[in-house]
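> structural data only, the sequence is not supplied:
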């Protein structure tokens, strides 16, 4: 019953966000993934920045299990956050990075192009770079437009990453710049 499922998801979400015990939050996040309810995506997305590494890993794995592409942008932000923490403090959560990368591998296909395009507009260059890399991995002709647009990004790393992705796809610019 969808109404019962939605009510249960809301109750589980409250537990995920408010319980002081990390084990309870971790178990709750895992339960939301096991029921694979799309309505659990929003509550889980709110849990991706939990202070506890184990909770973050459980949240990411649950988002992967649900398989909804609306989780792509928040997952990219989590991955960029972990990479930034590694650069600035020398410490990050390898478990969170690995789980997030695996989730993005599973979620980033042609259905995720729109979410990845929205990530290209993010203020954080690390988020844009991850989005460009994921678009290039899809390798579909549908990603040529967003990758070509990334060739004009203000960040030279993003421009190089987009150029590399386009080259790996065999794209060549034409006189009008479209590659068509």
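Everything's here; your move. Since the model is a prediction, treat every value here as computed from it, not as a measurement. Residues are numbered from 1 along each chain as shown.

> helix, strand or coil: sort out residue 174 for me.
coil (DSSP: H, G, I helix; E, B strand; the rest coil).

> count of neighbours near it?
The tally of other residues near residue 174 (other Cβ atoms under 10 Å) stands at 9. For the C-beta atoms, the positions are set from N, CA and C on the backbone; glycine is no exception.

> what pLDDT does it get?
pLDDT, residue 174: 78.

> could you measure it against residue 154, distance?
Distance, residue 174 to residue 154, by Cβ to Cβ, to the nearest Å: 25 Å.

> mind checking pLDDT for the residue nearest in space to the middle of the chain?
For the chain, the residue sitting closest to the mean C-alpha position, by Cα atoms, centre = their mean, is residue 75 at 2.6 Å. pLDDT for residue 75: 94.

> residue 145 and residue 171: what is the separation?
Using Cβ to Cβ, we find residue 145 at a distance of 11 Å from residue 171.

> ugh, typo on my part, it should be residue 101
In terms of Cβ to Cβ, residue 101 sits 25 Å off from residue 171.

> coming back round to it: surely the residue nearest to the centre of the chain and residue 106 touch.
No: if you go by Cβ atoms under 8 Å, residue 75 and residue 106 don't touch, sitting 10.1 Å apart.

> follow-up on the earlier one: ok, residue 145 and residue 171, which is more surrounded?
residue 171 (18 against 14).

> helix, strand or coil for that one?
In three-state terms, and counting by three-state DSSP, residue 171 is coil.

> please report how far it lies from residue 121.
For residue 171 relative to residue 121 (Cβ to Cβ), the value is 22 Å.

> and residue 84, by the same measure?
Applying Cβ to Cβ, the value for residue 84 to residue 121 is 19 Å.
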